[in-house]
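>>> need a structure here:
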Amino acid sequence: MAQHIARKRFGQHFLTDVHVIESIVDAIDPRAGEAVVEIGPGLGAMTLPLLKRIQPFTVIELDRDLAAKLRHQSGLEVIESDVLKVDFAALAAAKGQRLRVVGNLPYNISTPILFHLLGFVDHVVDQHFMLQKEVVDRMAASPACKDYGRLTVMLQWRYAIESVLDVPPSAFDPPPRVDSAIVRMQPYAQPPQLDAKLFGEMVAAAFSQRRKLLRHSLGVWLSARGFSGQFDLQRRAEEVPVAEYVSLAQALQS
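So this is what the prediction gives:
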């Protein structure tokens, strides 16, 4: 496998630091009998240590050459596909249980992957991903800071999010130009009841002009829907806690 040349169009940066890999696998802590799914196994840096702890498990690999090589590894079920086309609900049904999803996500499409998985959150136990540190900082951000944005709100209403481990560029080949981090995402067992599509539209409207007060963005959106309730629009979008966005969405539904 070592002869594979990283493909830029797939955003490939292969993890090579053994100590970092062991720390990641320890953080995941896979147990026998669980349904583990790895996205983008690449050269198997995380795959092989995982195999020492749990077999069988599933890998999703878009790169045809890598998928072919992975099929020679016992204990793996290889799905050769774009992860954005994978039906995780069907995969969970086939396994007879919810999934533990892990992976070193391609940085160029990490956000679309996160939103794709959000649609299958009821079929997931937890998610552990390697991502750009700036993305993890945005995912785990608190209100009233520059990292707090649409991504924060769209994920935190449904997951408990924790930054577990920072990873330097030197842990990869080729080294990326950015720092990386491991994030743990655990779906809430009893999430708020709301219309996810409406919530997404509302949050997008709120952050559409994030430098301005909400009356210029969310206020216009709410007026168009005839909302007559109370909500402080004399704030910027980044100042509003996730729980207040959730309450507003629930008020719009009722």
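>>> now for the closest residue to Lys95 other than its chain neighbours, how many residues are close by?
Nearest non-adjacent residue to Lys95, counting by Cβ to Cβ, 6 or more residues apart in numbering: Ala35, 3.9 Å away. For glycine as for every other residue, the C-beta is placed from the backbone atoms N, C-alpha and C. By other Cβ atoms under 10 Å, 21 other residues sit near Ala35.
>>> in stretch 42-57, what counts as buried?
42-51, 53-54, 57 (16 or more other Cβ atoms under 10 Å).
>>> and the strands in the stretch 151-254 of the chain, which stretches?
Assigned by DSSP state E, counting those that start in this stretch, the stretch 151-254 of the chain shows strands spanning 159-167, 172-173, 180-187.
>>> which one of the ones you listed lies closest to His123?
Counting by Cβ to Cβ, His123 lies closest to strand 180-187 out of these; the figure is 9.4 Å.
>>> just checking: what are the partner strands of that closest one?
strand 124-132 (antiparallel), strand 159-167 (antiparallel) (DSSP bridges).
>>> look up phi and psi at the residue of the chain positioned farthest from its centre.
Distance from the C-alpha centroid of the chain, by Cα atoms, centre = their mean, peaks at Ser228 (34.9 Å). Per-residue torsions, Ser228: phi -120, psi 10 (degrees, to the nearest 10).
>>> return the distance of it relative to Arg215.
15 Å (Cβ to Cβ, to the nearest Å).
>>> likewise for Pro241?
18 Å.
>>> cool, and Ile28?
Shown here: Ile28 relative to Arg215, a distance of 44 Å by Cβ to Cβ.
>>> the helix or strand in which Arg138 is found: how far from the chain's middle?
Applying DSSP states H and E as the criterion places Arg138 in helix 133-139. Remark: helix 133-139 is offset 10 Å from the chain centroid, using Cα atoms, centre = their mean, to the nearest Å.
>>> show me where the protein has helices.
For the chain, the helices defined by DSSP state H occupy 18-28, 47-51, 64-70, 88-95, 110-118, 133-139, 150-156, 196-206, 218-224, 242-253.
>>> out of those, nearest to Asp166?
helix 133-139 (6.4 Å).
>>> flag every buried residue along stretch 169-186.
Buried residues in stretch 169-186 (16+ other Cβ under 10 Å): Ala171, Phe172, Ser180, Ala181, Ile182, Val183, Arg184, Met185.
>>> equivalent analysis for stretch 81-89, please.
Buried-residue list, stretch 81-89, by 16+ other Cβ under 10 Å: Val83, Val86, Phe88.
>>> what's near enough to touch the last one?
By that I understand Phe88. Val37, Leu99, Val101, Leu117, Phe120, His123, Val124 (Cβ atoms under 8 Å, 6 or more residues apart in numbering).
>>> quick check: closest non-adjacent residue to the last one.
Taking Cβ to Cβ, 6+ apart, and ignoring the residues beside it in sequence, Val124 has Leu99 as its nearest neighbour in space, at 5.3 Å.
>>> state the distance from the one you found to Ala32.
15 Å.
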